[in-house]
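Enquirer: Predicted model, plus sequence, below.
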Amino acid sequence: MKTPVHVAVTGAAGQIAYSLLFRIAAGDLFGPHQPVVLKLLDIPSAERVLEGVGMELDDCASPLLHGIEVSSDPSDVFDGAEAVFMLGATPRGPGMERRDLLQVNADIFSAQGRALDEAASRRVRILVVGNPANTNALIAQRNAPGLAPECFSAMTRLDHNRAIGLLARHCGCNVADIARVAIWGNHSPSQYPDLHHALVKGRPALEQVDPAWYVDEFIPTVQQRGASVIAIRGKSSAASAANAALDHMRSWFLGTPKDDWVSMAVASDGSYGIAEGLMFSFPVAVENGRFRIVQDLPLNAFSRERLRLTEAELLEERAMVSHLI
Ligand SMILES: NC(=O)C1=CN([C@@H]2O[C@H](COP(=O)(O)OP(=O)(O)OC[C@H]3O[C@@H](n4cnc5c(N)ncnc54)[C@H](O)[C@@H]3O)[C@@H](O)[C@H]2O)C=CC1
Ligand SMILES: O=C([O-])CC(=O)C(=O)O
């Protein structure tokens, strides 16, 4: 048996965690031969719920689950962690934008960034899911100067999966027939779901869909999908968010297919003219456990303008938390 990977999950008593933890324990993250230790963090008032989640994990009798540790102290939970899912944050309700959560959630990410700096493995891979995810990831990263910026990412994989699902339904094909969809920018309505490089059954997607559908339906539907789920379900996406978080981490640990990429918000290195340091979603490829931003994709005037708009929003969000970074 291999040495267990230590996986920390914050907000472990919440709804996304309830869809995530059992799948990690079942091997959906690292496969059927890699044991894990789950390290669960939530606030003291959630202690009883967390205890109950731990009981249910025990009751799954998963041979891959080599331990469960529960705490309300981030330093305990991040100690030696190699994979960290940062879910712990207040979700939005109907009528709110994700950025309305910035003042509510920002302090969590500065404190937990410092705890990661102090305790996590130097090779840790951190995924911020709690909203507004990009700027929370920026706050955490800036509060962890002892960790490489490449240890941090924020989740736009749900948007990426939504885009693939919608395109597949529209084209009447299987999701496996689709490649090279990209989400650029912020996990917010300003994000840019880009089909200019996408392939459906190996042929350019934009030759197979009506341009008006792409601009007037596809882009706004993906941008607003989170709000649509809240309006209909009464709560924000949870199972699909957990699924995307697993997809994100699995791609980061195990790699992306040779002829495809995924979308991840990572610290900008200035690629495509995006301000350095912003946590910006790019198409990325992963090889040997390291991601690289896919380079040299041609961007037309429409795409350049969309990138500029979402970058402007992230710059505004960064200015709103300048006291924390
Ligand atoms: N990036 C993305 O694509 C998505 C992001 N989200 C975001 O994920 C976050 C979590 O969503 P849910 O699980 O539905 O919310 P939830 O309210 O069910 O769970 C959040 C949990 O975090 C805990 N928490 C709060 N402060 C904490 C702290 N300082 N340390 C540790 N835990 C803390 C709460 O006690 C609660 O148990 C929300 O911010 C939501 O908006 C949700 C869906 C998709
Ligand atoms: O919309 C929300 O608040 C939750 C979320 O981030 C999503 O579903 O994309």
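Expert: Here it is on my side, so go on. From a predicted model like this one, the values you see are computed outputs, not experimental measurements. Ligands and ions are numbered 1, 2, ... in the order given.
Enquirer: got a pLDDT number for the closest residue to ligand 1 within the stretch 1-150 of the chain?
Expert: With CB to the nearest ligand atom, the shortest gap between the stretch 1-150 of the chain and ligand 1 falls at residue 14, namely 2.0 Å. Bear in mind the C-beta positions are built from the backbone N, C-alpha and C, glycine included. Listed pLDDT for residue 14 reads 98.
Enquirer: Could you do residue 99 as well?
Expert: Taking residue 99 on its own, its pLDDT is 86.
Enquirer: What count of nearby residues applies to it?
Expert: Residues contacting residue 99 under the criterion other CB atoms under 10 Å number 20.
Enquirer: just the one 4 residues further on next, same as before
Expert: Here the number of neighbours of residue 103 (other CB under 10 Å) works out to 10.
Enquirer: hmm, the helix or strand that contains residue 115 touching ligand 1?
Expert: In the assignment (DSSP states H and E), residue 115 maps to helix 102-119. Yes. Interface with ligand 1: helix 102-119 contributes residue 108 (CB under 6 Å from any ligand atom).
Enquirer: Output the contacting helices and strands for that helix.
Expert: Applying 3 or more CB pairs under 8 Å, 6 or more residues apart in numbering; DSSP states H and E, we find helix 102-119 packed against helix 74-78, strand 83-86, helix 133-142, helix 301-320.
Enquirer: do you know which of these lies nearest residue 4?
Expert: strand 83-86 (11.3 Å; CB to CB).
Enquirer: Next up, the contacts around the residue of the chain found nearest ligand 2.
Expert: In the chain, no residue comes nearer to ligand 2 than residue 226, which is 2.3 Å away by CB to the nearest ligand atom. Neighbouring residues of residue 226 by CB atoms under 8 Å, 6 or more residues apart in numbering: 98, 158, 236, 237.
Enquirer: residues of the strand ranked longest in the chain that come out buried?
Expert: Determined from DSSP state E, the single longest strand within the chain is strand 279-287. For strand 279-287, the neighbour count (16 or more other CB atoms under 10 Å) marks 279, 280, 281, 282, 283, 284, 285, 286 as buried.
Enquirer: out of these, which touch ligand 1?
Expert: Counting by CB under 6 Å from any ligand atom, no member of these is near ligand 1.
Enquirer: Among those, which pair sits farthest apart?
Expert: 279 and 285 (18.2 Å).
Enquirer: Next up, the contacts around residue 267.
Expert: 138, 141, 149, 150, 152, 276, 277, 278, 279.
Enquirer: is the last one in a bridge, and if so with what?
Expert: Right, residue 279. For residue 279, the beta-bridge partners are residue 267 (DSSP bridges).
Enquirer: ok, it - contacts?
Expert: Counting by CB under 8 Å, 6+ apart, residue 279 touches 134-135, 137-138, 141, 152-154, 265-268, 314.
Enquirer: Of those, just say which sits nearest to residue 205.
Expert: residue 265 (22.6 Å).
Enquirer: In terms of pLDDT, where does residue 104 sit?
Expert: pLDDT, read off for residue 104, is 88.
Enquirer: Would you agree it is in contact with residue 92?
Expert: No. When contacts are counted by CB atoms under 8 Å, residue 104 is not listed as touching residue 92 (9.4 Å).
Enquirer: Quick check: nearest residue in space to residue 306, chain neighbours excluded?
Expert: Closest residue in space to residue 306, ignoring its immediate chain neighbours: residue 192 at 3.8 Å, by CB to CB, 6 or more residues apart in numbering.
Enquirer: quick one, phi/psi of that neighbour?
Expert: Note on residue 192: its backbone torsions stand at phi -120, psi 100 [degrees, to the nearest 10].
Enquirer: any idea how far it is from residue 278?
Expert: According to CB to CB, to the nearest Å, residue 192 and residue 278 sit 14 Å apart.
Enquirer: Quick check: closest non-adjacent residue to residue 107.
Expert: Nearest to residue 107 is residue 324, by CB to CB, 6+ apart, at 7.5 Å.
Enquirer: Verify the stated contact: the one you found with residue 141.
Expert: No. Counting by CB under 8 Å, residue 324 does not reach residue 141; the two are 11.3 Å apart.
Enquirer: So between the two, which is more surrounded?
Expert: Set residue 324 next to residue 141 and count neighbours by other CB under 10 Å: residue 141 wins out with 28 against 17.
Enquirer: What distance do you get for the closest residue to residue 201 other than its chain neighbours to residue 164?
Expert: Spatial nearest neighbour of residue 201, excluding adjacent residues (CB to CB, 6+ apart): residue 177 at 4.8 Å. The gap separating residue 177 from residue 164 is 10 Å, by CB to CB.
Enquirer: More neighbours: those two, which one.
Expert: residue 164 (19 against 15).
Enquirer: Let me see the contact set for that one.
Expert: 175, 178, 181 are the contacts of residue 164 under CB under 8 Å, 6+ apart.
Enquirer: need the contact list for the residue nearest to residue 309 when sequence neighbours are not counted.
Expert: Spatially, and ignoring its direct neighbours in sequence, residue 309 is nearest to residue 190 (5.5 Å; CB to CB, 6+ apart). Applying CB under 8 Å, 6+ apart, one finds that residue 190 lies in contact with 223, 309, 310, 312, 313.
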